[in-house]
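Engineer: What would the 3D arrangement of this be:
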Amino acid sequence: MKKIKIAIVGVGNCASALIQGLEYYKGIKEDEVIGLMYNDLGGYRLEDIQVVAAFDIDKRKVGKDLRDAVFSQPNCTKIFCKNLPNFGVKVMMGNVLDGVAEHMKDYPHERTFVVANDTPCDVVKVLKDVGAEIVLNYLPVGSQLATEYYAQCAIDAGCAFVNNIPIFIASDETWQKRFEERGLPVVGDDIKSQLGATIVHRVLTKLFNDRGVKIDRTYQLNTGGNTDFLNMLNRERLASKKISKTRAVQSQLDIPLDPENIHIGPSDYVPWQKDNKVCFIRIEGRKFGDVPLELELRLSVEDSPNSAGVVIDVIRCCKLALDRRISGPLISISSYAMKYPPIQFSDFEAKKRVNDFIEGKTDR
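Structural biologist: Got it, this is the predicted structure:
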């Protein structure tokens, strides 16, 4: 199979985990690959993915080969594949727009972004010159204008778009139409982890609901020490994130909870946690006889590698859509892999639909 040529917007911790993973699993035995739906997905394997372009705004990354940029500050995710090759992909200066929150300037450089003075590149030209097929959006939460800018760049360059953050593109009718008119697929919004806070909360909520337990109230609180959590100290940038995570859980209930009885969102930034994310979930409910039932759970994960395998599955499904000339939002893989997809299904149903898509039984 030919290579799947991808471009990355935002060379942060998530991009670092993805790049490391692509190299880590090269040549490994099929039964030793962990974290993917399938080692061979529709004829495409992990090693078929090739990064051909990358964009960032941090002076410690811009101009560097991708090999070095993924390990540059403020990245702090776990290094599980240190010896990366020289990719021959220089990180290009992107357009800042609203990609950097104002309060980030008040923190030490090793924890936050240091904006380069370089002139932004012509993103569309770069994408066309390198033959990029799929653009991955890894911008910070709250980057509304910047995400829309890169989504339009993808359209103008003839690329599919994978929106890994909680800005509504794939779930927005206007953007859906734009991609459809250009004959391009779009996947989003807001990537789920392989096994993270939202997927666990969804499964537990569905379990309560399926077993006839009436949920009265629930919360999910998360702490972390990466730039994502630092960025989200600005509560104004959290609106779409809270909507995305809350809808992901509410969708598993026959009757959604009243807003005052559900709280889901980041709690605080703890610098020494770095890329470790700690999640606290509490569910209060009633079983037979109105007898109370309570559940409390603590989950600790390395945040960025937790989503890398899911993104690899998304990339390959997106490539299948390109091969089959399918345009617009990809419903099945969006529901399986994203918190705020165009249509919500249970995780069991979403996986079934993805399998049908891979086998060509459905075009979405």
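Engineer: isn't residue 64 right next to residue 91, touching?
Structural biologist: Yes: contact criterion Cβ atoms under 8 Å: residue 64 and residue 91 qualify, at 5.5 Å. For glycine as for every other residue, the C-beta is placed from the backbone atoms N, C-alpha and C.
Engineer: more neighbours, the two?
Structural biologist: residue 91 (26 against 20; other Cβ atoms under 10 Å).
Engineer: helices or strands next to the helix or strand hosting that one in the packing?
Structural biologist: Per DSSP states H and E, residue 91 falls inside strand 91-93. Applying 3 or more Cβ pairs under 8 Å, 6 or more residues apart in numbering; DSSP states H and E, we find strand 91-93 packed against strand 49-56.
Engineer: what are the pairing partners of the strand it packs on, and which direction each?
Structural biologist: Take DSSP bridges as the rule and strand 49-56 pairs in its sheet with strand 4-9 (parallel), strand 91-93 (parallel).
Engineer: Give me the nearest residue to residue 305, chain neighbours excluded.
Structural biologist: residue 17 (4.2 Å; Cβ to Cβ, 6 or more residues apart in numbering).
Engineer: scratch that, residue 139 is what I was asking about
Structural biologist: Using Cβ to Cβ, 6+ apart and skipping residues adjacent in sequence, the residue nearest residue 139 is residue 10, 4.8 Å away.
Engineer: The helix or strand bottoming out on mean pLDDT in the chain: which residues count as buried?
Structural biologist: Each helix and strand of the chain was given a mean pLDDT (mean pLDDT, DSSP states H and E); the minimum falls on strand 262-269 at a mean of 90. Going by neighbour count (16 or more other Cβ atoms under 10 Å), the buried part of strand 262-269 is 262, 264, 265, 266, 267, 269.
Engineer: Is it possible to get a markdown table of these that adds distance to residue 101?
Structural biologist: As requested, the buried residues of strand 262-269 are arranged in a markdown table below (distance: Cβ to Cβ, whole Å):
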| residue | distance to residue 101 |
| --- | --- |
| 262 | 26 |
| 264 | 21 |
| 265 | 16 |
| 266 | 13 |
| 267 | 18 |
| 269 | 12 |
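Engineer: ok, residue 33 - how many residues close by?
Structural biologist: Quick note: residue 33 (other Cβ under 10 Å) scores 18 neighbours.
Engineer: Which pLDDT does the model give it?
Structural biologist: For residue 33, the pLDDT comes out at 81.
Engineer: For the remainder of this discussion, apply numbering that starts at 603.
Structural biologist: All right, first residue 603 from here; so that's residue 635.
Engineer: from memory it sits against residue 641, does it?
Structural biologist: Yes: shown here, residue 635 and residue 641 form a contact pair, counting by Cβ under 8 Å, at 4.9 Å.
Engineer: what do the two both touch?
Structural biologist: Common contact partners of residue 635 and residue 641 (Cβ atoms under 8 Å, 6 or more residues apart in numbering): residue 648.
Engineer: Tell me who's in contact with residue 879.
Structural biologist: Residue 879 makes contact with 798, 799, 824, 825, 826, 831, 902, 903, 904, 905, 908 under the criterion Cβ under 8 Å, 6+ apart.
Engineer: Looks like residue 827 contacts residue 870 (just checking).
Structural biologist: No: using Cβ under 8 Å, residue 827 makes no contact with residue 870, being 9.8 Å away.
Engineer: about what we covered before: what mean pLDDT does the strand holding residue 693 have?
Structural biologist: So the average pLDDT for strand 693-695 ends up being 98.
Engineer: The helix or strand following it vs strand 651-658, what angle?
Structural biologist: Using DSSP H and E, the helix or strand that directly follows strand 693-695 along the chain is helix 725-732. Computed with axes from the mean of the first three to the mean of the last three Cα atoms, to 10 degrees, the direction of helix 725-732 lies at 150 degrees from that of strand 651-658.
Engineer: helices and strands around helix 725-732, which ones?
Structural biologist: Counting contacts by 3+ Cβ pairs under 8 Å, 6+ apart, helix 725-732 packs against strand 606-611, strand 651-658, helix 746-759.
Engineer: did I read that right, the residue nearest to residue 907 in a strand?
Structural biologist: No: applying DSSP: H, G, I helix; E, B strand; the rest coil, one finds residue 619 to be helix, outside a strand.
Engineer: Residue 778: neighbouring residues, count only.
Structural biologist: Counted with other Cβ under 10 Å, residue 778 comes out at 17.
Engineer: Averaged pLDDT, the helix or strand where it lies. What do you get?
Structural biologist: In this assignment (DSSP H and E), residue 778 forms part of helix 775-784. For helix 775-784, mean pLDDT is 98.
Engineer: Output the contacting helices and strands for it.
Structural biologist: helix 746-759, strand 787-789, strand 930-931.
Engineer: Single out the most deeply packed of these.
Structural biologist: Most buried of the helices and strands packed on helix 775-784, by mean neighbour count (mean count of other Cβ atoms under 10 Å): strand 787-789, with a mean of 30.
Engineer: Flag the shaky bits of this protein, pLDDT-wise.
Structural biologist: For the chain, the stretches flagged by pLDDT under 70 are 603.
Engineer: Please list all residues in contact with the residue lying closest to residue 921 once chain neighbours are set aside.
Structural biologist: Nearest non-adjacent residue to residue 921, counting by Cβ to Cβ, 6+ apart: residue 606, 4.7 Å away. By Cβ under 8 Å, 6+ apart, the contact list for residue 606 reads 646, 650, 651, 652, 735, 736, 917, 918, 921.
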